[in-house]
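1. fold the following for me, if possible:
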Amino acid sequence: MNVLVILGHPDRKSFNHAIAETCLKKLESLGHKVIFHDLYKEKSDPVLHSKEIPKEAGCGRIVRKHCNDLLKCDGIIIIHPNWWGQPRQF
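-> Presented below is the predicted three-dimensional model:
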């Protein structure tokens, strides 16, 4: 099985990184082929620019690679912090 693991967290000492490491080790130990993307390490730009919206617009090399990796996979694991879901103090 091909599995794509995507990590989105800036701190290499974070719990999210520990989860990603554990996932990678376990998947590989079970014989799965793993493709891993650390979006911060890759300096991924999360901003969608208006020139990227039209149907005929092209995409950059990194986005094209990520799309191709996604097409090859049978499963996807996305690891990210849920900062916006934390309790608020009023």
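2. would you map the strands across this protein?
-> 2-7, 33-38, 75-79 (DSSP state E).
3. dump the ones you listed to JSON lines, plus mean pLDDT.
-> Shown next, in JSON lines, are the strands of the chain (pLDDT from 0 to 100):
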{"stretch": "strand 2-7", "mean pLDDT": "98"}
{"stretch": "strand 33-38", "mean pLDDT": "98"}
{"stretch": "strand 75-79", "mean pLDDT": "97"}
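4. most neighbours per residue, which of those strands?
-> Stretch with highest mean neighbour count among these: strand 2-7 (a mean of 20; mean count of other Cβ atoms under 10 Å). For every residue, glycine as well, the C-beta is placed using N, CA and C.
5. show me the one of the strands of the chain that comes nearest V63.
-> Nearest to V63 among the strands of the chain is strand 33-38 (11.3 Å), distances taken as Cβ to Cβ.
6. sorry, back to before: can you redo the strands of the chain as JSON lines with distance to P54?
-> Shown next, in JSON lines, are the strands of the chain (distance: least, Cβ to Cβ, whole Å):
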{"stretch": "strand 2-7", "distance to P54": "26"}
{"stretch": "strand 33-38", "distance to P54": "26"}
{"stretch": "strand 75-79", "distance to P54": "27"}
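7. may I have the phi/psi pair for the closest residue to C67 other than its chain neighbours?
-> Closest residue in space to C67, ignoring its immediate chain neighbours: C59 at 7.4 Å, by Cβ to Cβ, 6 or more residues apart in numbering. Taking degrees, to the nearest 10, you get phi -130, psi 160 for the backbone angles of C59.
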